[in-house]
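Enquirer: generate coordinates for the sequence data below:
(2 chains)
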Amino acid sequence: MLNQGITEIAAALAKGEYSSVEITQAYLNQISRHNPDINAYVTVTGELALSQAKAADAARAKGNAGVFTGVPYAHKDIFCTTGVKTACGSRMLDTFIAPYDASVSASLNAAGGVMLGKTNMDEFAMGSSNETSWYGPVKNPWNRALVPGGSSGGSAAAVAGHLAPAATATDTGGSIRQPASFCGLTGIKPTYGRVSRWGMIAFASSLDQAGVLTHSAEDAAIMMQLISGFDPKDSTSVDLPVPDYRAALAQPLKGLRIGLPTQHFAEGLNAEVEVQIRNALKEFEKLGATLKDISLDNSHLSVAAYYVIAPAEASANLSRYDGVRFGHRCDKPVDLEDLYKRSRAEGFGTEVKRRIMVGTYALSAGYYDAYYIKAQKVRRLIKDDFARAFNEVDVIMGPTSPHTAFPLGAKTKDPVKMYLEDIYTIAVNLAGLPGMSIPAGLVDGLPVGLQIVGRDFDEARLLNVAHQFQQATDWHKRTPGA
Amino acid sequence: MAIDMKDVENIAHLARLQLSAAEKQEALNSITNILNVIDGMQALDTSGVEPLAHANDAASQRLREDVVSEPDQRSELMALAPSSDKGLFLVPKVLE
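Expert: Just a heads-up that it's a prediction; the model follows:
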C-alpha cells in the first residue's frame, strides 16, 4: 500500500480497505526505517499524525469525509505549522516554532490531511541540490549517491522513496520542477498568486510560489484544489475562481498546440535526455497534439536577471533575522552591531550569505540602475517573449533540466554551475507563469522530466495535458529499483 | 563590473554579516563569478523598456477595511525572542 498515490489511498479509505491510522502507521514505520539514510524529513510528527489520522477515521465514520480526509502527506519545512518547528533548512530558525499555521497548512488541515512530518530543503530554499541545508544533504532514492534536486529535495525524496504519498513544495526558480525531474515525480508550480504565500517563509517574494510533488497529475489536481484560491492575508493573492481541476483532466488533447522553444533544445542539453523528451513529444502527437518550434529570444538572460532579482529580494526579506525578535542570537554581544553581525554570520550558511551580499550589492547606491533596474527590464522582455509564444501555442514543452540527477558534492564548490541548473525553469518564475514537470523517460535508469508551461492561471490545462500523457504512458509509475 | 576586497567588506557591513578573512576571499571569488554571469545582461539594449517589478504588475495592491483583523498574539510572539523582559526586546546597551 506504500506504492500508492493520493487517488488510490483516497479510494481505499473510502472503501474501508484500510483506515487512516493503518496507512499512517505504515508510512511512519517506513520513515523510521529509511529516513536516517535518505534524510528527507527533518522533523517527523508521528504523534500528531496518528492523532490526525484518528480524527480523520472518526470523521469518516460519521460520514464527514472529503477526498483528502485521512490522506498522509509530507510538508516542506518552509510552511509555518503551529506548535511544530519550522526551520526552513537554516540554523537561524533551528528553534523556531511558529504560533500560527501558513494558509497552505491550514487548508490541508481543514481538508483532513495527515501531516507525517516536515521535509528537508536547501537553506531558505536557496539551492538546486538540497546540499545547502543546515540539516545535511538529502539522498536521491533512485541512487543514494546522487542529489534529489532542490530546493524541495526532501519533499521529492520523501515521495519518490515512498516515505509519503505526496508532499507540498515551493518554487522560486525551479525548486519544484527540478526535484520532480530528478526523482521521477509530477510537480506543479502554479501561477504566481494562485496559492497563498501567507505563512510561507519568504525568499524572493515576487517569485515564490507554493505547489505540490506527487505521483500523478490526478494526485496533483486533488491537492492543488485544496490549496488554490484567494486569500486576503496575502496581498498578492489573486481573486479568481478556481476551476475543478479533477473534472478538467479528461479533456482529449486533439488540436492541442505545443510550442518547443528552440533555446531549450540547444547546446548544453544532454543528448540522451533529448531523445527521451522527443519520444514524449511523439506521444503527444499520437494523442492529437501538434508541435511547433517557437523562440524565447531572451531566455539566455533569464539566469542573469534572476540572480539579480532573487538575491535583491532575498537581501531585503532576510534583513528581518536580526537576533532580536526571533531566530538565532550570538553569545555575549558587545554592542548592537556585533549582535546583528555575529547572529547573522552564525545563523546563515555560505550560500545564503552569498546571495544576501549579491542582492545588497545590486541594490546599493551606484549599482541600482545597472543591476536591479536592468534586470527588471530584461524580466519584462522575458515575459513578453512568453506572451508572444502563447499567441501561437497553448502550452510550451521541453526538458525540465539539461540532465538527470548528478552526484552529491559535484557542484557545491561552484555556485555558478549550480545556478545554471535552473536554466530551463527560471524564466517561468520571472514571468509568473504556471509550470509542471512530469516523468517522461529514463536515462541509465534515472528519471527525465518534461517541463510543461502554460498561460497565466491555466493550471487546469497543464494538469489535463499531464494526465492524458499519463493515461497513455507509465513513466510516472516507475519507482526506484523497479 | 569588477569588485574588490573593499567592496566585499562594504557589502558585508551593509548586510550586517561578520566574515572571516577566508570567507571574504571566498565571497570575492564567487561574487566575481556571479557578476560575470549577470553582466551578460549589459549587452542587451533595453532602452525604452519599462521595468517589470512583478509578474502581475497589472494588479494593484488591495486595500482592506481599516479594522482590527489580527488576533492578539503578543505573548506568543514575545516568547520567540532570544531575550526579553516585561514585554520588551532586550539588546546590548545602545546609549551610554
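Enquirer: give me the residue from chain A nearest chain B.
Expert: Across chain A, no residue is closer to chain B than A:Gly432, which sits at 2.4 Å (C-beta to the nearest C-beta). The way it works is simple: take the backbone N, C-alpha and C, and place the C-beta from them, glycine included.
Enquirer: which one is that residue nearest to, not counting chain neighbours?
Expert: Excluding its sequence neighbours, the residue lying closest to A:Gly432 (C-beta to C-beta, 6 or more residues apart in numbering or on different chains) is B:Ala55, at 2.4 Å.
Enquirer: that neighbour and A:Tyr306: what is the separation?
Expert: 13 Å (C-beta to C-beta, to the nearest Å).
Enquirer: longest helix in chain A, by number of residues?
Expert: As assigned by DSSP state H, the longest helix anywhere in chain A is helix A:20-38.
Enquirer: swap in chain B?
Expert: helix B:21-38.
Enquirer: which other helices and strands contact that helix?
Expert: helix A:302-317, helix A:350-363, helix A:415-419, helix B:5-14 (3 or more C-beta pairs under 8 Å, 6 or more residues apart in numbering or on different chains; DSSP states H and E).
Enquirer: residues touching the residue most central in space within chain B, list them.
Expert: The C-alpha lying nearest the average C-alpha coordinate of chain B belongs to B:Ala15 (C-alpha atoms, centre = their mean; 7.1 Å). By C-beta atoms under 8 Å, 6 or more residues apart in numbering or on different chains, the contact set of B:Ala15 is A:315, A:344, A:353, A:356-357, A:360.
Enquirer: try A:Asp234
Expert: Residues in contact with A:Asp234 (C-beta under 8 Å, 6+ apart) are A:103, A:196-198.
Enquirer: coming back round to it: show residues contacting the longest helix of chain B.
Expert: With C-beta under 8 Å, 6+ apart as the test, helix B:21-38 has contacts from A:303-304, A:307-308, A:350, A:353-354, A:357-358, A:361-362, A:371, A:375, A:414-416, A:419, B:1-5, B:8-9, B:12, B:19.
Enquirer: can you flag the buried ones in those?
Expert: Among these, those classed as buried by neighbour count (16 or more other C-beta atoms under 10 Å in any protein chain shown) are A:303-304, A:307-308, A:353-354, A:357-358, A:361-362, A:371, A:375, A:415, A:419, B:3, B:8, B:12, B:19.
Enquirer: the longest helix of chain B vs helix B:5-14, what angle?
Expert: With axes from the mean of the first three to the mean of the last three C-alpha atoms, to 10 degrees applied, the angle from helix B:21-38 to helix B:5-14 works out at 100 degrees.
Enquirer: count of residues packed around the closest residue to chain A within chain B?
Expert: Nearest to chain A, among the residues of chain B, is B:Ala55, at 2.4 Å (C-beta to the nearest C-beta). Look at B:Ala55: counted by other C-beta atoms under 10 Å in any protein chain shown, it has 23 neighbours.
Enquirer: so, low pLDDT: which residues of chain B?
Expert: Scanning chain B for pLDDT under 70 picks out B:1, B:57-60.
Enquirer: quick one, helices of the stretch 351-482 of chain A?
Expert: Remark: helices assigned in the stretch 351-482 of chain A by DSSP state H, counting those that start in this stretch are A:368, A:374-389, A:415-419, A:426-431, A:459-472.
Enquirer: pick the most deeply packed of these.
Expert: Highest mean neighbour count among the helices of the stretch 351-482 of chain A (mean count of other C-beta atoms under 10 Å in any protein chain shown): helix A:426-431, with a mean of 28.
Enquirer: and that helix, average pLDDT?
Expert: On average, the pLDDT along helix A:426-431 is 98.
Enquirer: repeat that for stretch A:67-78.
Expert: Stretch A:67-78 comes out at a mean pLDDT of 98.
Enquirer: same thing with stretch A:465-473?
Expert: Mean predicted confidence for stretch A:465-473 is 98.
Enquirer: other residues contacting stretch A:57-73?
Expert: A:6, A:9-10, A:13-14, A:19-21, A:23-24, A:27, A:49, A:53, A:56, A:108, A:111-116, A:164-168, A:222-223, A:226.
Enquirer: flag every buried residue along that stretch.
Expert: Those would be A:57, A:59-60, A:65-73, for stretch A:57-73 by 16+ other C-beta under 10 Å.
Enquirer: A:Ala362 against A:Ala312, yeah?
Expert: Yes. In terms of C-beta atoms under 8 Å, A:Ala362 counts as a neighbour of A:Ala312; the distance is 5.0 Å.
Enquirer: pull up the overlap in contacts between those two.
Expert: A:371-372, A:375.
Enquirer: could you dump those residues to a markdown table with pLDDT?
Expert: Converted to a markdown table, the shared contacts of A:Ala362 and A:Ala312 look like this (pLDDT from 0 to 100):
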| residue | pLDDT |
| --- | --- |
| A:Tyr371 | 96 |
| A:Tyr372 | 96 |
| A:Ala375 | 98 |
